[in-house]
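Trainee: Quick one: sequence plus predicted model below, questions after.
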Amino acid sequence: QVRLVESGGGLVQTGESLRLSCKFSGGTFSLHAMGWFRQAPGQEREIVASISWSGEQTFYSDSAKGRFTISKDNGKSMVYLQMNSLKPEDTAIYYCAADKDSMFATLADRYDYWGQGTQVTVSS
């Protein structure tokens, strides 16, 4: 069974950076599309970024473009989200997700496996 474990969340100030990590286990990492989603209180879960099997294709939400970078290391079964220039509106629980059926996916309902989430809080 695939398991995803996120780490790297925390409390930072506006303009600072965080790097989220997600460890994948229990399957063939290189055959899964990966994504980062977030959910703020009272809001729906939304995609932040996704990356294809090979790592060659990436997608970013409008709010993430230019500030966040998704990457994956197939050798370590890890996916990362580098977040720079953080804003208070980035405050949310961030989730790592894996899709076993697609080379690349941007919709939450395509993803099969989810981590438990890591809290990111950006103070103003």
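Mentor: Perfect, thanks for sending it. Numbers count the residues shown, from 1 in each chain.
Trainee: Strands of the chain, start to end?
Mentor: With DSSP state E, the ranges of strands along the chain come out as 3-7, 10-13, 18-25, 33-39, 46-51, 58-60, 68-73, 78-83, 92-99, 113-114, 118-123.
Trainee: any idea how far Ser124 lies from Leu86?
Mentor: Relative to Leu86, Ser124 is positioned 11 Å away (C-beta to C-beta, to the nearest Å). Placement of C-beta: from N, CA and C, glycine included.
Trainee: Nearest approach to Leu107 belongs to which of the strands of the chain?
Mentor: Of all those, it is strand 46-51 that lies closest to Leu107, at 7.5 Å by C-beta to C-beta.
Trainee: for this protein, which residue is closest to the average position?
Mentor: Trp36 (2.1 Å; C-alpha atoms, centre = their mean).
Trainee: Tell me, how many residues neighbour the residue nearest to Glu16 when sequence neighbours are not counted?
Mentor: Once flanking residues are discounted, Glu16 sits nearest to Leu86: 5.7 Å by C-beta to C-beta, 6 or more residues apart in numbering. For Leu86, the number of neighbouring residues by other C-beta atoms under 10 Å comes to 21.
Trainee: try Thr121
Mentor: If you count neighbours by other C-beta under 10 Å, Thr121 ends up with 15.
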